[in-house]
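A structural model of the following input is requested.
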Amino acid sequence: MAKEPPQTIDGYIATFPEDVQKLLQSLRSTIRRVVPERATEAVRYNLATFRLDGKDLVYFAGWKKHVSLYPITEEERQSLPELAQYKTSGVTVQFPLGKPLPIELIEKIVRIRLESHSG
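Next up is the predicted model:
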């Protein structure tokens, strides 16, 4: 029988090894500091998700070699030159395991997401 997918971000994070859990918790708390209090957490498309006003705002996920933040637009890539030092794929930016998360960059990305969300 297939295992039920996690229904909460806590449950989602708990499915990863401890080192990845720490990065995911840091990513989560960084996003939480930037989004309005009314933002809610969910698991959508098997990704940890922050939602605002009934719409998905930003996703994050754990993988074997990195944690990811979604979505990243081409405009964001161009306006945030510091993104160039990280691997991007489609609408995703990847932060490698074993390296500190770029907290200021993540905060900038979430702020841009908020601006486009309300605009």
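
helix/strand/coil for the residue nearest the centre of the chain?
The geometric centre of the chain, computed from its C-alpha atoms, lies nearest to Phe60 (C-alpha atoms, centre = their mean), at 2.7 Å. Three-state assignment for Phe60 (DSSP: H, G, I helix; E, B strand; the rest coil): strand.

For it, give me its contacts.
24, 27-28, 31, 47-48, 67-70 (C-beta atoms under 8 Å, 6 or more residues apart in numbering). The way it works is simple: take the backbone N, C-alpha and C, and place the C-beta from them, glycine included.

is it in a bridge, and if so with what?
Counting by DSSP bridges, Phe60 is bridged to Ala48, Leu69.

Ile31 in helix, strand or coil?
Assignment for Ile31 (three-state DSSP): helix.

Show me which of the contacts of Phe60 are buried.
24, 27-28, 31, 47-48, 67-70 (16 or more other C-beta atoms under 10 Å).

With Tyr45 as the reference, measure out to Arg113.
As judged by C-beta to C-beta, to the nearest Å, Arg113 and Tyr45 stand 16 Å apart.

tell me the SS of the residue lying closest to Leu23 once chain neighbours are set aside?
With sequence-adjacent residues excluded and distances taken as C-beta to C-beta, 6 or more residues apart in numbering, Leu23 is closest to Val67, at 4.9 Å. Classification of Val67 by three-state DSSP places it in strand.

Compute the distance between Val67 and Ala61, please.
Distance from Val67 to Ala61, by C-beta to C-beta: 7 Å.

Perfect, that will be all.
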